[in-house]
Structures are given as structure tokens and as C-alpha cells.
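Just the structure for this:
(one chain, ligands or ions: 1)
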Amino acid sequence: MKLQGKVAIVTGAASGMGRAIAHRYAAEGARVVVADVNLAQAQKVVDEIGGEKGEALAVDVDVRDQARVQAMVDQTVAALGGLDILVNNAGVGKIIPFLDTTEADWDFMFDINCKGLLWCSQAAARQMIAQGRGGKIVNLASQAGRRGEAFVLAYCASKACVISMTQSMALALAEHKINVNGIAPGVVDTPFWDQVDKQFAALMGLPEGEPKKRAVASIPLGRIEQPEDVTGAAVFLASADSDYVTQQTLNVDGGNWPG
Ligand SMILES: NC(=O)c1ccc[n+]([C@@H]2O[C@H](COP(=O)([O-])OP(=O)(O)OC[C@H]3O[C@@H](n4cnc5c(N)ncnc54)[C@H](O)[C@@H]3O)[C@@H](O)[C@H]2O)c1
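Residues are numbered from 1 along each chain as shown. Okay, here's the model as predicted:
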């Protein structure tokens, strides 16, 4: 029980890795806020956690909206008494060739993946600073943030931005004993990669499923990543075990990068 007594917000926790992290945090003793733009699905995750005897709360948030982000933190503190951990997991991606990338595509990815992460981190950090007992912020980056891809310019850039923001926030918050770190997953079996597969297939003239098959074939550990595969790192980076770790983004990708 590495997170006993802690309160955690996980954004984008209605699906995929956020859902898996919310489950694991509850199993480690945390009370978890399942924050998502899809409230009905977030409530389902809360019900699952409740059925496993954990304590959780669903909150409706669009991370792009500063007022709603502040309301998410206020609601957390009112219901659960404080805030110790923020996982910035909400994120989106779209596969588009460089020359076809529009302003709307760019804004869609940067508004959610980067600007939303900034609003959530500011609101959480202000609360953690006021409490005076430190805290942990964990950002979901990606192996895409460590390299370029011809069809993935905007998403890769947004995740490189997440890695950079992790470094700057870690330095800004170190004096408050708030650690800021990231996780860079690889090819994870979530609804996100189902969309990526469809978009790659259309662009490359391949049958659906084939892009995913090819991506998985290049993973040294020989299988697709499951959402649960990131939860060990997410617990480590949220627990006292990582008190002397900050500014880092940890690859959890089956050895896929560099590759
Ligand atoms: N799936 C992968 O292969 C992969 C690999 C590396 C990194 N990532 C990153 O990991 C994170 C989680 O990805 P996933 O695959 O679990 O995705 P997912 O699509 O399964 O879940 C994302 C969740 O974020 C929520 N969300 C989207 N926009 C939001 C907004 N504006 N405000 C609040 N919530 C919002 C969605 O409703 C959804 O529940 C993302 O940041 C993604 O970029 C994914």
C-alpha cells in the first residue's frame, strides 16, 4: 500500500492508461479522482473501484478550460480533504502528414496535451504549496516525444513539449518538495491506438490492423503494451520511493526507443 492516505487526481481516467492508473492507485490505498470530459464513463470507473472497496470520485473536466480545472481541484479538496498527486494523463493524437497539418489539428493536440497540462499542474501545484507537505505530478508523455515521424509531426511535438514542461515544472516546484516526472509509453493497446491504426491504414493504403501489427513487430519485448504496464512506474513516481527523483521522463515502452 504505497499510497495509503494520499489523494490523487488522474485526468483522462475514464479510459486506457488513466483508468488503469486510477485502479492501481486505489489498490495502493489512495483516494482517487477520476477526471474526464466523458463523465458517464468516468462514473463507471468509479463504480468499478468502489466495487473493489477503494474510494473514488468522478469529476467532469475539460482540461483546456481553466475555470473547470480549478473547479476540479476545489471539488477534490472539498470532498477528499486535500491533494497529494496529479497525473496529467488526458491526451489526444491525430496522424496527419506534415504538409496537411492544419491550424485546427495543431490547436487540438497542443490545447489538450500541453495547455491543459499547464492549467492542471498550476491549479494542483497551488493547492500543494498551500498545504505545505509537498506533492507529486506525473505527466504522460510518449516515445513520440523523443523523435520525429513524417505523419505525426504535431503529436510528436506536443509530447516533446510535455517532456520539456516536466523539466521546467520540476525546477520551479523543487523548493516546495513537489516532484515532477513523466512516463513515456510506447505502443499501448487502448482506444487511442485503435484510432491511430485506422488513420495510418488510410494514409498508407494498408488494411486496418496492419499498422498496429507492424508497430508491435518492432518492440524488443515482443508484445503490445497493456495499460497496466505503466502502472508500476506511475505508483513509483507518485510514492515516497521517488522522493529524490525529479525532472525525469521514464521510458515504459518494451525497449522500443531508441529503435
Ligand atoms: N495509447 C498509446 O499508444 C499511447 C502511447 C504513448 C502515450 N500515450 C498518451 O497516454 C495518455 C493516455 O492515452 P490512452 O491511450 O490511455 O488514451 P485513451 O484515448 O484511451 O484515453 C484518453 C482519455 O482522455 C480523455 N480526454 C480527452 N480529451 C480530454 C479533455 N480535453 N479533458 C479531459 N479528458 C480528456 C478521454 O475522454 C479519454 O477518457 C495520452 O496522453 C496519450 O497521448 C498513449
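
Let's test this: mean pLDDT of stretch 252-259, rounded?
For stretch 252-259, the mean pLDDT works out to 91.

From one end of that stretch to the other, what's the distance?
14 Å (CA to CA, to the nearest Å).

contacts for that stretch?
143, 146-147, 183-187, 218-223, 225, 229-230, 233, 251 (CB atoms under 8 Å, 6 or more residues apart in numbering). All C-beta atoms are positioned from the backbone trio N, CA, C, and that covers glycine.

Against the ligand, how distant is Gln43?
Separation of Gln43 from the ligand (CB to the nearest ligand atom, to the nearest Å): 12 Å.

Could you measure from that residue over to Gly50?
10 Å (CB to CB, to the nearest Å).

cool, and Val162?
Taken as CB to CB, the span from Val162 to Gly50 is 31 Å.

what about the two, which has more around it?
The neighbour comparison of Val162 against Gly50 (other CB atoms under 10 Å) goes to Val162, with 22 against 12.

mind listing what the more buried one touches?
Contacts of Val162 by CB under 8 Å, 6+ apart are Asn88, Asn113, Cys114, Leu117, Asn139, Leu140, Ala141, Ser142, Gly145, Gly182.

give me every residue that touches the fourth one.
Pointing back at Leu117 there. Val63, Asn88, Asn139, Val162, Met165.

So which of those residues sit within helices?
Among these, DSSP state H puts Val162, Met165 in helices.

nearest residue to Asn89 other than its sequence neighbours?
Leaving aside its sequence neighbours, Asn89 sits nearest to Gly18 (CB to CB, 6 or more residues apart in numbering; 4.0 Å).

No more questions from me, cheers.
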